[in-house]
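In: Got a sequence here, can you model it:
(one chain, ligands or ions: 2)
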Amino acid sequence: MSTTEIEPASPASKRPSGWADPIREIRRFFRPSREGWKSFRNRKLADRAFHRSSAKFWLTRPFARRSSRRLFDLVAGFVYSQVLAAAVELNVFQHLSRGPRALADIAAATGLKPEAAERLLRALAALDLVEIDDSEDEIAYGLGPLGAALVANPGIEAMIRHHRDVYQDLSDPVALLKGTAAPTRLSKLWPYAAAPGGTPPEDADVAAYTDLMAASQDFVAEEVLGSYDVSWARRILDLGGGDGRFLRKVAEHHPEAELHLMDLPAVAEIAAKRIRDTRFGRRIHVHSGDFFNDPYPEGRFDLITLVRILHDHDDAEAVKLLTRARESLEPGGVVMVAEPMAGVGDSAPVADVYFGFYLLAMGRGRPRTPDEIGRLMNAAGLTRAREVPTALPLATSIVVAEIPRRNVIFT
Ligand SMILES: CC(C)=CCC/C(C)=C/CC/C(C)=C/C=C/C(C)=C/C=C/C=C(C)/C=C/C=C(C)/C=C/C=C(C)/C=C/CC(C)(C)O
Ligand SMILES: C[S@@+](CC[C@H](N)C(=O)[O-])C[C@H]1O[C@@H](n2cnc3c(N)ncnc32)[C@H](O)[C@@H]1O
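Out: Ligands and ions are numbered 1, 2, ... in the order given. Presented below is the predicted three-dimensional model:
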């Protein structure tokens, strides 16, 4: 739809005619050609779109073939995921982690008929998860590069098993988008999402989500601590710290920091027990409470971390949380937000697609760009919000902001 500039309202009788009003005349002079340009450009776009829509165009150009393959993978992605889920459920990678195996061994170990096992293994090989060595009479199956990576990172298998619930919840994405979907499995798995600050219902399986997060935390913690130096901070508070996996990594890197974790009572109980069983039992102090409403641990902190927290909450709760964190900082203290962020390099699909719909199914929260997080930090009274680049935005991106060293009051 073409917009026409709205002339400032003025009674016709007062309006000067001719070149008495040169601006108006210049606008009138260019208007027809501007409209003409727009229709010419629109026609060009229409022609290009028609031209590209012909199958011949797509199949005869290299990038067209690549685009076709990308489009195919978008359609087939669910099938790929289900093949991976089947292999994890059948412990195929564990079987192969002990060395190459023959088809009969794998069939016996997985309980599949040989032809079904072969179908699965060939699909996995096509996805670089398995490697097939048919240089001898008896074909051997081993770990492919992705299968080896999966075995090297145990948390991934836990995540893959978790996705049976995720795929179930995403089976009707339109209903989710319209808000007409039935209660989701994820909203039950993350009970705090139903009522931020609300204590999870009695039947909430708090250990399940705590273990799930712990399973993928090392991957995140390594990226955070590899990207942002926390050694300057003497007192650190990790809000929503889960079972303490992140602070244990901090403790390993920085032996002299005093570390505090705050999480909901049921999770704090798990954290206290797990931390007590490690060499950091006396260095990491666990506090039970609701970070929206309960008092934070005594004293002020140099650094307050929010690792995979903010995206769980809508804007109003996020600003409230950031404000409470700011109020617990030493002058010059820093709040660090670490989570997958929208629009960050090639991690946009991770945040905007994966976490965008994961959180939609969970019923609360959303992925945000570093700028959006910076604006929430500013709204919470924090300053100098800035993104800290990470090598693997897939794991996490980071935004930090601080309070001024001195509260300068301009009267
Ligand atoms: C060829 C052979 C046999 C061997 C080659 C040798 C070898 C090991 C090669 C591999 C090289 C290597 C080191 C690869 C490393 C690969 C890595 C690190 C892969 C990491 C993959 C990580 C993945 C897939 C992470 C997935 C994370 C997910 C799905 C996270 C989900 C998080 C959720 C659901 C969080 C929810 C919390 C809430 C509610 C949103 O707040
Ligand atoms: C997605 S998990 C992240 C855990 C951990 N930071 C990590 O990255 O693995 C969110 C954490 O926030 C905690 N949480 C949610 N709402 C809370 C609240 N109102 N008060 C305290 N902790 C809360 C949950 O119990 C959970 O441990």
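
In: What are the boundaries of the helices in the stretch 101-250 of the chain?
Out: Per DSSP state H, counting those that start in this stretch, the stretch 101-250 of the chain carries helices over the ranges 103-110, 114-126, 145-152, 154-169, 173-178, 185-189, 206-227, 245-253.

In: From ligand 2, how far out is Arg279?
Out: Distance of Arg279 to ligand 2, computed by CB to the nearest ligand atom, to the nearest Å: 20 Å. C-beta here means a position set from N, CA and C on the backbone, and glycine is covered the same way.

In: just Asn378 next, same as before
Out: For Asn378 relative to ligand 2 (CB to the nearest ligand atom), the value is 23 Å.

In: Then Glu131?
Out: Glu131 is 33 Å from ligand 2, by CB to the nearest ligand atom.

In: Residue numbering should commence at 25 henceforth.
Out: Sure, I'll start numbering at 25, so the last one becomes Glu155.

In: Tell me the bridge partners for that residue.
Out: Counting by DSSP bridges, Glu155 is bridged to Gly166.

In: Check the burial of it by counting its neighbours.
Out: 18 (other CB atoms under 10 Å).

In: I figured it hits Ile163, correct?
Out: No - at 11.0 Å, Glu155 and Ile163 do not qualify as touching, with contact defined as CB atoms under 8 Å.

In: hmm, back to that, wait, which of the helices of the stretch 125-274 of the chain is closest to Phe64?
Out: When those are compared by CB to CB, helix 197-202 sits nearest Phe64, at 37.0 Å.

In: what does the chain put close to ligand 2?
Out: By CB under 6 Å from any ligand atom, the residues of the chain that approach ligand 2 are 216, 220-221, 237, 241, 244, 264-266, 270, 287-288, 291, 314-316, 331-333, 336.

In: For PyMOL, what selects the buried ones among those residues?
Out: Per 16 or more other CB atoms under 10 Å, the buried members of the residues of the chain next to ligand 2 correspond to this PyMOL selection:
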select buried, resi 216+220+221+237+241+244+264+265+266+270+287+288+291+314+315+331+332+333+336
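
In: what about Met237, distance to Pro124?
Out: Distance, Met237 to Pro124, by CB to CB, to the nearest Å: 34 Å.

In: swap in Arg85?
Out: For Arg85, the distance to Pro124 - CB to CB - is 40 Å.

In: Repeat that for Val230.
Out: Remark: distance between Val230 and Pro124 (CB to CB) = 41 Å.

In: These two: which has the busier surroundings?
Out: Val230 (19 against 14).

In: By mean pLDDT, flag the weakest helix or strand of this protein.
Out: Every helix and strand of the chain was ranked by mean pLDDT, DSSP states H and E. The lowest is helix 79-84, at a mean of 65.

In: Show me what the next helix or strand after that one packs onto, helices and strands only.
Out: Remark: after helix 79-84, the chain's next helix or strand is helix 86-113, criterion DSSP states H and E. Judged by 3 or more CB pairs under 8 Å, 6 or more residues apart in numbering; DSSP states H and E, helix 86-113 is in contact with helix 79-84, helix 138-150, helix 178-193.

In: 10 Å instead, please
Out: helix 79-84, helix 116-121, helix 127-134, helix 138-150, helix 169-176, helix 178-193 (3 or more CB pairs under 10 Å, 6 or more residues apart in numbering; DSSP states H and E).

In: ok, and which of the ones you listed has the densest surroundings?
Out: Ranked by mean neighbour count, the helices and strands packed on helix 86-113 are led by helix 116-121 with a mean of 21 (mean count of other CB atoms under 10 Å).

In: Determine the three-state secondary structure at Ala425.
Out: Three-state assignment for Ala425 (DSSP: H, G, I helix; E, B strand; the rest coil): strand.

In: Distance of it relative to Ala404?
Out: Taken as CB to CB, the span from Ala425 to Ala404 is 8 Å.

In: hang on, the earlier thing: same list (the helices of the stretch 125-274 of the chain) but as a markdown table, adding distance to Ile308.
Out: Rendered in a markdown table, the data for the helices of the stretch 125-274 of the chain read as follows (distance: least, CB to CB, whole Å):
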| stretch | distance to Ile308 |
| --- | --- |
| helix 127-134 | 41 |
| helix 138-150 | 40 |
| helix 169-176 | 27 |
| helix 178-193 | 21 |
| helix 197-202 | 38 |
| helix 209-213 | 26 |
| helix 230-251 | 13 |
| helix 269-277 | 5 |
